[in-house]
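Enquirer: just coords:
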């Protein structure tokens, strides 16, 4: 067993293998833990495009998923289940009431599913509690419904875990090849992601460094990034609209990237439901002196997590297009 996996298992946690029934309280619960930040989990939990990838086959909420929103969840083999959002307190609590296919929501045909999100040092804890089964009929009917939904929450939250594993990953270091890789999915059109990735004014907002490129970004131009009054050169190597953005960056005070410079490449790919997958690879670390390499590469690995999370938050908070 991998040492990291063994260490995490020894540390414990509350990631439950399956949902559990509390017959006394007539409720079904499950807690999972994931590495993704709380805002990313919130988006996958509440964005209809994301919901359709882990909870059923479709999620129709024409007015969004804020408190009071009315919509439905659909399964190809079970039909469309009406729903209304009861609570939406970003990014900590989301709750909906849902009923039976073909029926209007009533107290005697619906249950309430409440999701609670808690930030952890290494990610997010998500707990779902579904209540109200006692209103669905006699004790036998309540038990049957709880058994069905126990299986359902086990399966559906496993799907959410798998989705989040695709949506958000930590940066990885390949010491042999001298690379850092980070992949991140953003639920926004590729054109919008590209615009904010390559616009100097936007770069300053999500990366935190003033980006100066006289005449704008274009292949063959060298500009600068700045941090606390110090500048370092950034030479644009590839600028393929909405596909690839690549540059070589150097050290503080250089006019052009020197022999120890690393290369950075962003690739953008469209996702099935209209989102964008951003892959960044920083290579060339074998050119960095041995005595500096390990510390710097670890620092940049954490940096790429912060930077791409910043891009994601900026894109989602920006005004369309």
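Expert: Done, it's in. Since the structure is predicted, the reported quantities are computational estimates derived from the model, not experimental observations.
Enquirer: Please make it C-alpha for all contacts and neighbour counts, starting now.
Expert: Noted.
Enquirer: I figured residue 202 hits residue 193, correct?
Expert: No: Residue 202 lies out of contact with residue 193 (C-alpha atoms under 8 Å); the separation is 10.6 Å.
Enquirer: Paired strands for the helix or strand residue 278 falls within, with orientation please.
Expert: Per DSSP states H and E: residue 278 is located in strand 276-283. Here strand 276-283 is paired, per DSSP bridges, with strand 179-186 (antiparallel), strand 262-270 (antiparallel).
Enquirer: So which of those strands is nearest residue 89?
Expert: Evaluated with C-alpha to C-alpha, those place strand 179-186 nearest to residue 89, the distance being 21.4 Å.
Enquirer: Just want the angle from the very next helix or strand once past that closest one to strand 179-186.
Expert: Sequence-wise, the next helix or strand downstream of strand 179-186 (DSSP H and E) is helix 190-198. Counting by axes from the mean of the first three to the mean of the last three C-alpha atoms, to 10 degrees, helix 190-198 lies at 130 degrees to strand 179-186.
Enquirer: State the mean pLDDT of helix 190-198.
Expert: Helix 190-198 comes out with an average pLDDT of 96.
Enquirer: How far off centre is whichever helix or strand comes after it?
Expert: Counting by DSSP H and E, the next helix or strand C-terminal to helix 190-198 is helix 200-207. The chain centre lies 20 Å from the centre of helix 200-207; the measure is C-alpha atoms, centre = their mean, to the nearest Å.
Enquirer: and helix 200-207 with helix 190-198, angle?
Expert: Going by the same axes, to 10 degrees, helix 200-207 makes 90 degrees with helix 190-198.
Enquirer: buried set for helix 200-207?
Expert: 200, 202-204, 206-207 (16 or more other C-alpha atoms under 10 Å).
Enquirer: so which of those comes closest to residue 54?
Expert: residue 206 (29.2 Å).
Enquirer: which residues touch the host helix or strand of residue 80?
Expert: If you go by DSSP H and E, residue 80 is part of strand 79-89. Applying C-alpha atoms under 8 Å, 6 or more residues apart in numbering, the contact partners of strand 79-89 are 65-74, 93-105.
Enquirer: Within the sheet, what are the partner strands of it, with directions?
Expert: Strand 79-89 is paired, per DSSP bridges, with strand 70-75 (antiparallel), strand 93-98 (antiparallel).
Enquirer: how far away is residue 112 from residue 85?
Expert: From residue 112 across to residue 85, the span is 9 Å (C-alpha to C-alpha, to the nearest Å).
Enquirer: and if you look at residue 29?
Expert: From residue 29 across to residue 85, the span is 19 Å (C-alpha to C-alpha).
Enquirer: same thing with residue 19?
Expert: Here residue 19 is placed at a distance of 22 Å from residue 85 (C-alpha to C-alpha).
Enquirer: The residue nearest to residue 95 when sequence neighbours are not counted: which element?
Expert: Using C-alpha to C-alpha, 6 or more residues apart in numbering and skipping residues adjacent in sequence, the residue nearest residue 95 is residue 114, 4.1 Å away. Residue 114 belongs to strand 111-120 when assigned by DSSP H and E.
Enquirer: Residue 281 contacts residue 248, correct?
Expert: No: Residue 281 lies out of contact with residue 248 (C-alpha under 8 Å); the separation is 11.6 Å.
Enquirer: and for the two, which residues touch both?
Expert: residue 264.
Enquirer: Between the two ends of stretch 93-104, what distance do you get?
Expert: End-to-end span of stretch 93-104 (C-alpha to C-alpha): 25 Å.
Enquirer: That stretch: how far from the chain's middle?
Expert: With C-alpha atoms, centre = their mean as the basis, the mean position of stretch 93-104 lies at 25 Å from the chain mean.
Enquirer: That stretch - what's its average pLDDT?
Expert: For stretch 93-104, mean pLDDT is 96.
Enquirer: pLDDT weak spots in the stretch 201-321 of the chain?
Expert: The model of the stretch 201-321 of the chain has pLDDT under 70 over residues 318-321.
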